Each structure stands twice: as C-alpha cells, then as structure tokens.
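Q: Next input, structure requested:
(one chain, ligands or ions: 3)
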Amino acid sequence: MSLPKRVVLVGPMGAGKSTIGRMLARELGYKFLDSDRIIEERCGANIPWIFDVEGEEGFRQRETAMLDELSTEHETVLATGGGAVMRSENHALLKKHSVVVYLRTSIDQQVERTRKDRNRPLLQNDDPEGVLRRLFAVRDPLYTELADIIMHTDRKSPRLVVRQLVNRINPKTPRHQRQVRKEGRNHV
Ligand SMILES: Nc1ncnc2c1ncn2[C@@H]1O[C@H](COP(=O)(O)OP(=O)(O)OP(=O)(O)O)[C@@H](O)[C@H]1O
Ligand SMILES: O=C(O)C1=C[C@@H](O)[C@@H](O)[C@H](O)C1
Ligand SMILES: [Mg+2]
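A: Ligands and ions are numbered 1, 2, ... in the order given. Just a heads-up that it's a prediction; the model follows:
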C-alpha cells in the first residue's frame with residue numbers, strides 16, 4: 001500500500017495536531033504545514049490579534065482560504081486549527097487527496113495541555129473548561145464523521161502516537177497486521 005498524498009490532522013485545541021504533525025512529517029519524509037501558523041505569517045499578526053481586530057468570522061474566512069490553498073500541496077502533513085470543521089465548505093477541502101486523522105482527546109487532557117498557552121483566544125476567559133466542553137459537544141461528531149483514522153491520544157506520549165500513526169498509515173509490518181486483525185476497527 002502506498003502513502004496517501006496528504007495526511008490531515010483534525011481535533012480539538014490541545015489534541016496535539018501541531019506537535020504530532022511536525023514529528024509525523026519527519027517520519028514520513030513529508031513537508032509539515034500548520035494552517036494556524038501560516039495564517040499568522042501571512043497576516044503578520046498572531047491569532048489573538050486577528051480575533052480582536054477581525055472577529056472570529058474574519059479568522060474563519062482566512063482559515064477557509066488557507067485550507068483551499070493548502071489542499072493542492074502533496075507529500076504534506078497538515079495540522080489544522082481546532083475549529084476547521086465548523087464550516088461545512090471546509091470539509092471537502094480537508095478530505096481532498098488525504099487521509100484525515102482525528103486526534104481524539106479527553107476534556108481533562110485538553111484543559112491540561114492548553115492551560116499555560118495564551119495564544120488561543122477562545123480560551124481566554126473565566127471558564128476555559130466549560131468552553132472546551134461545549135466546543136467538544138458540537139465538534140466531536142464532525143471530527144468523527146470526517147476521519148479515516150481515529151487516534152486516541154490520552155495517556156500516550158507524542159512519540160507513541162506518531163509510531164502508531166505511521167503503522168496505521170503505512171501498514172507494512174506484520175506486528176501491525178496482527179493488531180488490525182485483532183481489533184478490526186477504525187480506532188487506535
Ligand atoms: N500526546 C501528548 N501527550 C502529552 N502532551 C501532549 C501530547 N500531544 C501534545 N501535547 C502537548 O500539548 C500542548 C498542545 O499541543 P498542540 O499545540 O500540538 O495542540 P494543537 O492540537 O495543535 O492545538 P490547537 O488546535 O490550539 O492548534 C503542547 O504543549 C504539546 O507539547
Ligand atoms: O478551536 C478553535 O476554534 C481554534 C483553535 C486554534 O487552533 C486556532 O485555530 C484558533 O485559536 C481557534
Ligand atoms: Mg496547533
């Protein structure tokens with residue numbers, strides 16, 4: 001089986017899309033793209049500034065344009081923003097020539113992993129856990145629907161997640177084939 005043209009990572013804030021995406025790209029010999037970072041570079045401003053000045057809607061417009069542009073880049077691993085699934089027009093752009101991986105992560109882990117970072121405007125308020133919970137209720141079905149692979153990340157180091165993903169995306173090893181026969185499902 002050959003490698004997919006693109007691997008697209010989706011999931012909530014703190015799922016590890018940026019962290020795991022960079023490591024996975026290195027393993028596959030692919031280029032790493034992070035849509036949040038490229039939007040910031042193009043705009044010459046960080047995401048909190050974009051939300052402040054243009055509102056969330058302004059950011060979402062930039063995000064759709066970026067996903068469209070990046071959808072033709074092959075041999076890439078793309079880390080998306082947590083809200084990329086919120087616009088239905090983005091779904092075809094995410095699926096294009098790609099294997100979509102949902103990095104599924106519990107609310108507790110999302111809270112823990114986003115606690116110290118001030119670069120996520122939706123979480124700069126009195127109740128970031130409540131926000132993460134509400135977003136997850138809406139978005140989890142969308143991530144799940146889009147996903148070709150659902151990778152659970154709780155209690156796994158980024159290294160382990162990457163190893164399991166490489167096995168899953170490029171299943172050449174007998175050990176992996178035995179695991180799939182045993183589990184027979186889309187969840188890892
Ligand atoms: N499997 C993991 N175990 C423990 N910590 C992790 C894991 N994956 C990521 N992290 C840590 O969680 C934090 C958030 O990860 P990261 O920025 O990659 O998330 P993200 O999914 O890209 O979030 P966003 O949607 O906001 O861009 C980082 O500090 C990272 O080191
Ligand atoms: O979950 C979200 O809606 C977001 C996640 C981040 O990756 C950024 O795209 C931005 O902070 C919005
Ligand atoms: Mg990220």
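
Q: And the lowest mean pLDDT element among the helices and strands of the protein?
A: helix 174-183 (a mean of 50; mean pLDDT, DSSP states H and E).

Q: Tell me which stretches of the protein form helices.
A: Taking DSSP state H, the helices of the chain run over residues 17-28, 35-43, 47-70, 88-95, 107-114, 128-146, 158-169, 174-183.

Q: ok, longest strand in this structure?
A: strand 98-104 (DSSP state E).

Q: quick one: strands adjacent to that strand?
A: Sheet partners assigned to strand 98-104 using DSSP bridges are listed as strand 6-10 (parallel), strand 149-152 (parallel).

Q: L24 and N90, how far apart?
A: According to C-beta to C-beta, to the nearest Å, L24 stands 21 Å off from N90. C-betas here are computed from N, CA, C, even on glycine.

Q: So which bits of the protein are right by ligand 3?
A: The chain has residues 17-18 near ligand 3, with proximity defined as C-beta under 5 Å from the ion.

Q: what bits of the chain have low per-residue confidence?
A: Applying pLDDT under 70 to the chain picks out residues 1, 171-188.

Q: if I pick the closest residue to ligand 3 within the chain, what's in contact with it?
A: Residue nearest to ligand 3 within the chain: S18 (3.3 Å; C-beta to the ion). With contact taken as C-beta atoms under 8 Å, 6 or more residues apart in numbering, S18 is in contact with 34, 36-37, 79.

Q: Can you report phi and psi for D154?
A: Here is the backbone geometry of D154 (degrees, to the nearest 10): phi -60, psi 140.

Q: ok, the longest strand of the chain near ligand 2 or not?
A: No: remark: strand 98-104 sits outside contact range of ligand 2, by C-beta under 6 Å from any ligand atom, the gap being at least 12.1 Å.

Q: Now do that strand: everything it contacts.
A: Under C-beta under 8 Å, 6+ apart, the answer for strand 98-104 is 4-11, 15-17, 20, 78, 94, 140, 143-144, 146-153, 161, 165, 169.

Q: Around ligand 2, which positions in this protein sit nearby?
A: 13, 36, 47, 81-83, 120-122.

Q: Reformat those residues as CSV; add neighbour count.
A: Formatted as CSV, the residues of the chain next to ligand 2 follow (neighbours: other C-beta atoms under 10 Å):
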residue, neighbour count
M13, 23
D36, 21
I47, 19
G81, 23
G82, 23
G83, 19
R120, 19
P121, 16
L122, 16
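
Q: Can I get those residues in a markdown table including distance to T105?
A: A markdown table is the format used below for the residues of the chain next to ligand 2 (distance: C-beta to C-beta, whole Å):
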| residue | distance to T105 |
| --- | --- |
| M13 | 9 |
| D36 | 17 |
| I47 | 20 |
| G81 | 15 |
| G82 | 10 |
| G83 | 15 |
| R120 | 14 |
| P121 | 20 |
| L122 | 16 |
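
Q: Since that was my last question, I'll sign off now.
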